[in-house]
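J.: With the input below, show me the fold.
(one chain, ligands or ions: 1)
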Amino acid sequence: MSHGRKINFAPGPSALPLEVLEKVHKELFNYNGSGMSILELSHRSALFADILNTAKQDLKELLKVPDNYHILFLQGGGTGQTAASALNLIGLKPSHMADYMVTGAWSAKAAKEASKYGKINHVFPKMESYTGIPDPSTWTMNPDSSYVFYCDNETIDGIEFPEIPETNGVSIICDMSSNILSRCVDVSKFGVIYAGAQKNLGTAGVTLVIVRDDLLTAIQPNCLSILDYSIMSKNNSLLNTPPVFSIYVLGLMAKYVKENGGLEKMEENSRIKSNAIYSVIDESDGFYKGKIDQKYRSRMNVVIRIGKPNACETLEKKFIEEAAKQDLISLKGHRSVGGIRISLYNSISIEDAEKLVEFMKDFQKQNS
Ligand code: PMP
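T.: Below is the predicted model:
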């Protein structure tokens, strides 16, 4: 692979397309004939206004964002938004309560953070371990809640919502940090969508927020200005100095997705890539094991254990070492759950996934 690059299955920050990196490299010293690097460019300059507005427009087209939504570029990452979304909107209704659907580590963190600002109603019964999404007959939703929160794709546990849950008219706040731009989505079903950029949107430092217009009148007055959706929207995300470089890379990523078939193609590719990996797992006679119900298995993060329960760790260490010898890297599971995690964001090609498939089959032959 060129520049000595390897196939990087990291969960985030994750691989960027070579085209994007080469463009960054080419433009780094002198952006668009300005005589300045993007790293030195004023956020109030016309050049940066163009970068920011083009990125917004490209995202609007890709995600078919309706006109009554605002696209914001904020700071503080996905974690910042667990607090910011609650700070902005938990007072939307007098209950000062919000419904949280906890399906994994990130939604659990979001519920905990939001509980600092209001009351939390847990929609699902408490789970011993995360394996999927409970049947709707067990859900306890509160119609007086200000919003319903869920995380579309749990990056650590490998659980993805196959469809948007029914919330009976209550606005939805959704964390799409690890699957945004990987499938078509009906934005009109959401109150707020947020996503940290370091997976499918480029590099860490900027957080995308898409917020429905009518919610902006209900922002709590004690919300920090830099996190206040209404203030940031009025200022076109330029209340203070934004993460200029991260917004520039986000713009390049949006262009890359547009030029490579849009969300329809990303959806098709991610289905092919994840199906290929899950087939190896399903046909491995239990050598590779995932614990997520088939219906909720993530297309973005495949989480598995290898071998017999008492010998997993030795075999997983060997798997990671042998894979690295074939330039297949960043496969270690999250420290809280262990095992192997294969992240298949948009920058991983079908050919990259196929190389891993071949490696997994060979590894099983040699080690079972
Ligand atoms: N939500 C999800 C789904 C994530 O995957 C992550 C990070 N991996 C976060 C939130 C937190 O993002 P950040 O590290 O940008 O705060």
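
J.: going forward, measure contacts and count neighbours with C-alpha atoms only.
T.: Will do.

J.: List the buried residues in the longest helix anywhere in the chain.
T.: Criterion DSSP state H: the longest helix present in the chain is helix 262-282. Buried positions in helix 262-282, judged by neighbour count with 16 or more other Cα atoms under 10 Å: 262-263, 265-267, 269-274, 276-278, 280-281.

J.: Can you give me the neighbour number for Met300?
T.: Met300: 27 surrounding residues under other Cα atoms under 10 Å.

J.: and which of the buried residues of helix 262-282 is nearest to Ser171?
T.: Proximity of the buried residues of helix 262-282 to Ser171 (Cα to Cα) peaks at Leu263, which lies at 24.1 Å.

J.: And the closest one, how far from Asp58?
T.: Going from Leu263 to Asp58 by Cα to Cα, to the nearest Å gives 12 Å.

J.: So which residues make contact with stretch 337-353?
T.: Contacts of stretch 337-353 with the rest of the structure, by Cα atoms under 8 Å, 6 or more residues apart in numbering, involve 7-11, 14-17, 156-157, 179, 182, 199-200, 266, 269-270, 272-274, 276-277, 299-306, 312-313, 316, 331-334.

J.: how long is it from one end to the other?
T.: The first residue of stretch 337-353 is 23 Å away from its last residue (Cα to Cα).

J.: can you count the residues close to Leu250?
T.: Leu250: 29 neighbours (other Cα under 10 Å).

J.: Who are the contact partners of it?
T.: 55, 197, 201-203.

J.: Confirm that it sits in a strand.
T.: No - Leu250 sits outside any strand when classified using DSSP: H, G, I helix; E, B strand; the rest coil, being helix.

J.: and this structure, which residues reach the ligand?
T.: Within the chain, the positions adjacent to the ligand are 77-79, 106, 153-155, 177-178, 196 by Cα under 6 Å from any ligand atom.

J.: any chance of those in TSV, with pLDDT, secondary structure and neighbour count too?
T.: Formatted as TSV, the residues of the chain next to the ligand follow (pLDDT from 0 to 100; DSSP: H, G, I helix; E, B strand; the rest coil; neighbours: other Cα atoms under 10 Å):
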residue	pLDDT	secondary structure	neighbour count
Gly77	98	helix	19
Gly78	98	helix	24
Thr79	98	helix	17
Trp106	98	helix	22
Asn153	98	strand	29
Glu154	98	strand	27
Thr155	98	coil	26
Ser177	98	coil	27
Ser178	98	coil	30
Gly196	98	strand	31
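
J.: sorry, back to before: ok, the contacts of Leu250 vs the ligand, which is closest?
T.: Ala197 (7.3 Å; Cα to the nearest ligand atom).

J.: Surely that closest one is in contact with Leu181?
T.: No - using Cα atoms under 8 Å as the test, Ala197 is too far from Leu181 to be in contact (10.8 Å).

J.: out of these two, which sits in the busier spot?
T.: In this view Ala197 and Leu181 are compared by other Cα under 10 Å, and Ala197 has more residues nearby, 28 against 25.

J.: Next, that one: phi, psi?
T.: Per-residue torsions, Ala197: phi -90, psi -10 (degrees, to the nearest 10).

J.: Show the pLDDT at it.
T.: The model reports Ala197 with a pLDDT of 98.

J.: Equivalent analysis for Asn222, please.
T.: 88.

J.: Around it, count how many other residues there are.
T.: 9.

J.: All further residue positions should be reported with the first residue as 829.
T.: Shifting the count to begin at 829 puts that one at Asn1050.

J.: give me the element it is part of.
T.: Assigned by DSSP states H and E, Asn1050 belongs to neither a helix nor a strand.

J.: mind listing what it touches?
T.: Contact partners of Asn1050, counting by Cα under 8 Å, 6+ apart, are Leu915.

J.: I figured Leu1184 was touching Asp1155, is that so?
T.: No - counting by Cα under 8 Å, Leu1184 sits too far from Asp1155 to count as a contact (9.9 Å).

J.: tally of neighbours for Pro841?
T.: 14.

J.: low-scoring stretches of this structure, by residue?
T.: Residue ranges of the chain with pLDDT under 70: 829.
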